[in-house]
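Visitor: I need the structure of the sequence given here:
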Amino acid sequence: MQEIITLSLNPKEASEEKLYKQAVSQKLGIDPSRITFIRITRKSIDARHREIRINLSLQVFIDDSNTSQEKFKFNYSFVGNKEQVIIVGAGPAGLFAALRLIELGYKPVIFERGKEISERKKDIALLNREHIVNPESNYCFGEGGAGTFSDGKLYTRSNKRGNLQKIYEVFHFHGAVEEILYDAHPHIGTDKLPEIIKNIRNSIIDCGGIIHFQTRIDDLIDDSGLIKGVITQNGEAEYARSVILATGHSARDVYKMLHNKKITLEAKNFAVGVRAEHPQELIDKIQYHGTSRGEYLPAASYSLADQISGRGMFTFCMCPGGFIVPSATSENQIVVNGMSPSVRNSPYANSGIVVEVKPEDLADFKNAGVMAGIDFQEYLENMAWQNGGRSQSAPAQRLDDFVKGHMSSSLPKTSYIPGTISSPLHHWLPDFVSKTLRSGFKKFEQKMHGFITNEAVVLGVESRTSSPLRIPRDKNSFCHVEIKGLFPCGEGSGYAGGITSSAMDGENTAEKVAEYLKIK
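Guide: Residues are numbered from 1 along each chain as shown. Okay, the predicted model is just below:
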């Protein structure tokens, strides 16, 4: 016999099965010895009140030795002799598109401009320690995409776009911990993701798929509105009847190539701002009502959003117990992002705090056309580099000083390895960005008392929250509106935001490719 129940427990009671088993038996009115197995199906933290509670949804097996559950089955059969589909980019959109193509009986051929994970780590180490930016291998480019060395948060509101649980199951199948299947805000961790991505790579190759690393795509082969293949940086051509374009939001050369070919692009809203870092203990006390989190609660996170004079301002990629990392993809740029290891045990908490940018905001910018958003991002990143000592040292300011418009005479320690330089971000950031941030921080303070403090620091710039462009596709076929057989996909094409939604878009796009090839 099985029962589905929910419990609200204190953090210690929810920490181990032997502790919450007693609560289960009391709720069901049975002897604990009759409970043969308990499976968590959902776990969340309720920190709205002073007494923190953990909500558990449980599947309880009573007098039942059959504790198996129906699992997702993956038909990863050999496709080496099947029709090939070209995929540009080995981020979550590209990798999950490849896995789904294998299930559908097609051979994925992936072209990834960056390096495989082991080699990529070396370039990231050089970036952190010696400030050397490899434009093809960094925190944004390489196997697994930008998410591999950022954080591994899987939370998304995009479950309406596809089978969210399957995405979690694929990650679990390739080595992620079981907790991601039931946590309300699942998280893998940047220390765990590389091995999982390697396992996904091996699944693709074992099934006959091909992955070309350090191979940038510089052009498309198309004829009268029909895709024929791609051309690599070496001038070599690879042919296929379909191409999935899953490059990620930082592949600006791809946007420029499409623009030069007069392929339709659309400007869209995006966001820029700063990354704020607080002591994790301070965030814990704010979120856990004045007490430290103790042994049984995780590092506290936060999510804030507001409208400031009709403009959105919000937190982005909040990393409790995490680190700030340099995410530039070219020289003369500074871009900051955040990451957390699986245990989230850093003494720092950081989050992007960003301001909405609308296409009309850039009407007077140097390039007022569809590429204005990219030009604006590059302008901010170069300004950060100039104000950061013309290295990967980030311009920074104590948070209270930033809000008050004061230059910081000193800076607190931060998690950012390349280092920081005191700089008046409030002054050199564009006026609408600076004013919105300074007003918005005051409103955030009303929601989280103690948030504005000179123990906290803001670093510039957070500019890669999403693509400023969309590569338009037909809503039914997913083909580009002008080029049949070209399938824009994932975050870089403007149809996803984050690991999970990009992975779902990859799966959905693969299914549309299969439909297209059958029709053709």
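Visitor: Okay, domains of the chain per the record?
Guide: 2-62, 84-266+471-519, 269-462 (automatic domain parsing).
Visitor: mind checking the end-to-end distance for the last one?
Guide: What it means is domain 269-462. As for domain 269-462, its first-to-last residue distance stands at 15 Å under the measure CA to CA, to the nearest Å.
Visitor: Let's verify residue 374: helix, strand, or coil?
Guide: helix (DSSP: H, G, I helix; E, B strand; the rest coil).
Visitor: ok, it touching residue 254?
Guide: No - using CB atoms under 8 Å, residue 374 makes no contact with residue 254, being 10.8 Å away. C-beta coordinates here come from the backbone N, C-alpha and C atoms, glycine included.
Visitor: The two: which is more packed in?
Guide: Between residue 374 and residue 254, residue 254 has the larger neighbour count (other CB atoms under 10 Å), namely 23 against 19.
Visitor: Excluding sequence neighbours, find me the nearest residue to that one.
Guide: Nearest non-adjacent residue to residue 254, counting by CB to CB, 6 or more residues apart in numbering: residue 247, 4.9 Å away.
Visitor: since we're on the nearest residue to residue 190 once chain neighbours are set aside, how many residues are nearby?
Guide: Nearest residue to residue 190, sequence neighbours excluded (CB to CB, 6+ apart): residue 339, at 4.5 Å. The number of residues packed near residue 339 is 26, by other CB under 10 Å.
Visitor: now residue 377
Guide: Neighbour tally, residue 377, other CB under 10 Å: 24.
Visitor: Secondary structure element holding it?
Guide: Element membership of residue 377, judged by DSSP states H and E, is helix 372-387.
Visitor: Counting by contacts, list what that helix packs against.
Guide: With contacts defined as 3 or more CB pairs under 8 Å, 6 or more residues apart in numbering; DSSP states H and E, helix 372-387 has these neighbours: helix 252-260, strand 270-279, strand 394-398, helix 425-428, strand 457-462.
Visitor: most neighbours per residue, which of the ones you listed?
Guide: Stretch with highest mean neighbour count among those: strand 457-462 (a mean of 29; mean count of other CB atoms under 10 Å).
Visitor: Can you get me the centre-to-centre distance for that one and its chain?
Guide: 18 Å (CA atoms, centre = their mean, to the nearest Å).
Visitor: which secondary structure elements does that strand contact?
Guide: So strand 457-462, by 3+ CB pairs under 8 Å, 6+ apart, packs with strand 270-279, strand 336-339, strand 348-357, helix 372-387, strand 394-398, helix 399-404.
Visitor: Adjacent strands (with direction) for the fifth one?
Guide: Taking DSSP bridges as the criterion, strand 394-398 pairs within the sheet with strand 420-422 (parallel), strand 457-462 (antiparallel).
Visitor: Local confidence estimate at the residue nearest to residue 141 when sequence neighbours are not counted?
Guide: Closest residue to residue 141 apart from its sequence neighbours, by CB to CB, 6+ apart: residue 114 at 3.8 Å. On the pLDDT scale, residue 114 is placed at 97.
Visitor: rewinding a little: among the strands paired with strand 394-398, which is nearest residue 485?
Guide: Smallest distance to residue 485 across these (CB to CB): 35.9 Å, for strand 457-462.
Visitor: how distant is the helix or strand following the closest one from the center of its chain?
Guide: Using DSSP H and E, the helix or strand that follows strand 457-462 in sequence is strand 469-470. Distance of strand 469-470 from the chain centroid (CA atoms, centre = their mean) equals 17 Å.
Visitor: who does the next helix or strand after strand 469-470 touch, helix- and strand-wise?
Guide: Downstream of strand 469-470, the next assigned helix or strand under DSSP H and E is strand 486-488. Secondary structure elements in contact with strand 486-488, counted by 3+ CB pairs under 8 Å, 6+ apart, are strand 243-245, helix 499-519.
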